[in-house]
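Student: what's the 3D shape of this:
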Amino acid sequence: MSWWGKVVGGAFGFMVGGPLGALLGAALGHNLDKGLKGLGSEEELDPGDRERVQTAFFTATFSVMGHVAKVDGQVSADEIALAQSVMNEMELAPNLRQTAMRLFTEGKSADFPLDDVLDQFKQECHRRNTLLQMFVEIQIQAAYADGQLAPVEEALLLHICDRLGISKFIYRRLEQMISAQRGFNSRGRRQQGAPAVQSPGLSLKDAYAILSISPDANDDEVKKAYRRLLNQHHPDKLVAKGLPEEMMKLATRKTHDIRKAYEKVKEARKL
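Tutor: Numbering: from 1, shown residues only. Here you go, the predicted structure:
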């Protein structure tokens, strides 16, 4: 049975307590409150349990996404659409999609316990840095939903990274990658249905940004960067570490963009 099947089936042995458990309980309804109480004891829970990590990742992703969307004062239609597009990519079942939107709404509340949620999420991920970085990538995408990254949004993203133990250098690299991917994918959507010759495609500048390397990097550095990113975003490896199965499609799209970027750079360098 999948992690979500166990949640709705009432199998609480693997579930999280604390602020993440409270958020999920609120999103699912009061009928789970009793089952969620008292699950914060580390003695009865294994922090490395994959289903528990999947539950924590899903809960933290959509609730923090709501908080990021709200930080600049008002949740825009684009930010709501971004949350819905993530759910569309995941092809969530109706009940799981409703839960995700309720978690998004919980994150918008004035008393959302951001630091407590982040601290527990970091603990649940049990030093799985690739999962933490994937989480941050999704939050950066959410912040870019309205087309720009406002200073207050970037300040919040930097705070999230600091709380999760992700350096500012890593954040800058992820932000540049997401910005380039967003530009490439939005151009692709605008050009969908048009003759191929009219599409600008992926620029070399964006390709380098997606690979998180400088155009001055040598060929070996390009190859190493490509392999590192592909390894970090490999869908099967991420799921094995605790990414919810429903989020595999997000990781698959990222690996597609990474491969496209590498092919662009290879072509330019005649590799």
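Student: can we go C-alpha only for contacts and neighbour counts from here?
Tutor: Will do.
Student: Kindly export the host helix or strand of Lys266 (C-alpha atoms) in CSV.
Tutor: Taking DSSP states H and E as the criterion, Lys266 maps to helix 248-269. Output of helix 248-269 as CSV, limited to C-alpha atoms (Å, rounded to 0.1, in the frame of the first residue of the first chain):
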residue,chain,number,x,y,z
MET,A,248,8.2,11.5,-9.7
LYS,A,249,6.8,13.5,-12.7
LEU,A,250,8.4,16.7,-11.4
ALA,A,251,11.8,15.0,-11.1
THR,A,252,11.3,13.5,-14.5
ARG,A,253,10.7,16.9,-16.1
LYS,A,254,13.8,18.3,-14.4
THR,A,255,16.0,15.5,-15.7
HIS,A,256,14.5,16.2,-19.1
ASP,A,257,15.6,19.8,-18.9
ILE,A,258,19.0,18.9,-17.6
ARG,A,259,19.5,16.5,-20.6
LYS,A,260,18.4,19.2,-23.0
ALA,A,261,20.8,21.7,-21.5
TYR,A,262,23.7,19.3,-21.7
GLU,A,263,22.9,18.5,-25.4
LYS,A,264,22.9,22.2,-26.1
VAL,A,265,26.2,22.8,-24.5
LYS,A,266,27.7,19.6,-26.1
GLU,A,267,26.5,20.9,-29.5
ALA,A,268,28.1,24.3,-28.9
ARG,A,269,31.4,22.8,-27.8
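Student: Which other helices and strands does it contact?
Tutor: If you count contacts as 3 or more C-alpha pairs under 8 Å, 6 or more residues apart in numbering; DSSP states H and E, helix 248-269 packs onto helix 77-90, helix 204-210, helix 219-232, helix 235-241.
Student: if you set the cut-off to 10 Å instead, what comes out?
Tutor: helix 77-90, helix 129-143, helix 168-190, helix 204-210, helix 219-232, helix 235-241 (3 or more C-alpha pairs under 10 Å, 6 or more residues apart in numbering; DSSP states H and E).
Student: Could you list the low-pLDDT ranges of the protein?
Tutor: Across the chain, the ranges flagged by pLDDT under 70 are 1-16, 30-48, 183-200.
Student: on that earlier part again, select, out of the helices and strands packed on helix 248-269, the one closest to Phe121.
Tutor: Closest to Phe121 of the helices and strands packed on helix 248-269, according to C-alpha to C-alpha: helix 129-143, at 8.8 Å.
Student: what packs against the helix or strand that that closest one is followed by?
Tutor: From helix 129-143 onward toward the C-terminus, using DSSP H and E, the following helix or strand is helix 151-164. Packing partners of helix 151-164 (3+ C-alpha pairs under 10 Å, 6+ apart): helix 50-70, helix 114-125, helix 129-143, helix 168-190.
Student: of all those helices, which lies closest to Pro19?
Tutor: When the helices and strands packed on helix 151-164 are compared by C-alpha to C-alpha, helix 114-125 sits nearest Pro19, at 5.8 Å.
Student: That concludes my questions; thank you for your assistance.
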